[in-house]
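S.K.: fold the following.
(chains A and B)
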Amino acid sequence: MTRSNRAVREIEERLTAGPKPVPPPDLLESIVDEIPEDLGAGAGDRGSSTPWWKLAAAVVLLVGGGLLARQMMRETSTVTEFVEGDSKTRGIREDDVAAAGLGELDVRVTDDRKRGTPGVVVTVGRTPAVGPSYRPPCPGRATSSSV
Amino acid sequence: MKQPSEPSTGPLPSGEEGLWPLVARGDRRAAEQLAAITYEGVYASLFRLCGGDRELAADLTQETYRKAWASLSRFRGGSAFSTWLYRIAYNTFLNHVRRPRRVEAAPDPVLEAEPDPAPGPEADAGLAADGERLRRAVLALPEELRYAVTAHYWGERPVREIAAEQGITAVGLRKRLQRAMARLALALEDPS
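M.R.: Okay, the predicted model is just below:
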C-alpha cells in the first residue's frame, strides 16, 4: 500500500470512527407531532400539465404581440429620422435627396433649430405619383419639399 | 386542494420504498412510520456535521422533517427517500451555519448539569481535537466534494444513491470522493 493510499484509508476510518450517535428519546415524537394535516397535498399532482391560466396568458400574449407587430409593420411605411447638423450646415441637402432618385417618395426636410434642437428632421413617405409640386419654404423656419 | 386520504388500517410496508407512495397520498400513519425508520440516520449525519452538538443536531433534524413534509410534492423518486432527506438535512445545516446570529442562547443550567449518557467528542481531548480538525477540513472542501464526503461517510448513503441524486454516474461520484480524500490528506498534513 502506498503512502497516499494509507493516508486515504486513515481518513476514511476517522470519518466513520466512533459509535453511531443516539438521538434524544423525544425527538421522534416531536417530528411526528409536526406532520401537517394536509400531508401529501400537491404530491399527487406530479407530472400534471401546466396550469390553465398560464396557457391562457401565453395565448393572449402571443396573439397580442402578433397584432401589435402587424400594426407596426403597417405604420412603418413612413419613416422619420433625425439627421444631426449644426447652425451653418443642415446636415442633408434637398439636392442630395433628388440625386438619390427618390422620385416617387415624398421627402420632407424640416429644420428643427427653431424648436431648440440643432438638426434637421427628414420625413420620407410614400405618396401617390401626382406630379411635382413645390411649396416655397418659409424663411427661417421649416423647409418642406416634394421631389 | 387534494384531501388527505383515509389512514391505512392494514399492515404498513416495512421499507421506505413502500411507504413513500402512501405518504404522497396523505397517509399520516405511513408518514409516522417513514419518520421512525429514517430519523436516526438524519440525526446521526447532522450530529457529525454539527461537530457533536446534540441539541443543535436535534433541532436541525426537526427542521429537516418540517421542510420535507412541506416539499413532498417536489420529491421525484429519482433517488431513495432517505437520500432526498439527507440533501434537505445538509442544506438545513448549511443554512444554519450561514445564518447571521444576533442573539446567543443562554446556557440552560439543567442541560449543563445533566450528564450526557452518550460518549461525546469531549471523551478524549486528543481525539476530539483531531475529529474537529477533520470536520473543519471536510467543511472547507469545495461544495460538490463536501456534499459527496458528508453524504457518503456521515449520511451513510450508498455511492449509487448519491450519484443518482446528483445526476452523475457512480464512477463520477467515486472520482469526487477520491479527489476529496486527496485534498483532505493534504489539508491534514499541513499543521497550519
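
S.K.: contacts and neighbour counts: CA atoms only from here.
M.R.: Noted.

S.K.: can you give me the helices in chain B?
M.R.: All helices of chain B, identified by DSSP state H, fall at B:16-24, B:28-49, B:54-70, B:81-98, B:109-113, B:125-139, B:143-149, B:159-166, B:170-189.

S.K.: I'd like the mean pLDDT over the shortest one, please.
M.R.: Confidence for helix B:109-113, expressed as mean pLDDT, is 40.

S.K.: just name the shakiest helix or strand of the chain by mean pLDDT.
M.R.: Just so you know, I chose chain A. In chain A, no helix or strand scores lower on mean pLDDT, DSSP states H and E than strand A:78-84, which sits at a mean of 48.

S.K.: that's the other chain; I wanted chain B
M.R.: None of the helices or strands of chain B scores lower by mean pLDDT, DSSP H and E than helix B:109-113, at a mean of 40.

S.K.: in chain B, what residue is nearest chain A?
M.R.: When scored by CA to the nearest CA, chain B has B:S73 as its residue closest to chain A, at 3.7 Å.

S.K.: against A:K54, how distant is that residue?
M.R.: B:S73 sits 20 Å away from A:K54, going by CA to CA, to the nearest Å.

S.K.: are the longest helix seen in chain A and chain B in contact anywhere?
M.R.: Ranked by number of residues, the top helix in chain A under DSSP H is helix A:52-75. No. Applying CA under 8 Å from any CA of the partner chain, one finds helix A:52-75 separated from chain B by no less than 15.8 Å.

S.K.: can you count the residues close to B:L141?
M.R.: Using other CA atoms under 10 Å in any protein chain shown, the number of residues around B:L141 comes to 17.

S.K.: wait, what's in contact with it?
M.R.: B:L141 makes contacts with B:180, B:183, as judged by CA atoms under 8 Å, 6 or more residues apart in numbering or on different chains.

S.K.: same thing with B:L12?
M.R.: By CA under 8 Å, 6+ apart, the contact set of B:L12 is B:19, B:30.

S.K.: I figured A:L28 hits B:Y39, correct?
M.R.: Yes. In terms of CA atoms under 8 Å, A:L28 counts as a neighbour of B:Y39; the distance is 7.1 Å.

S.K.: look at A:E37 and give its secondary structure.
M.R.: At A:E37 the chain is in coil, as set by DSSP: H, G, I helix; E, B strand; the rest coil.
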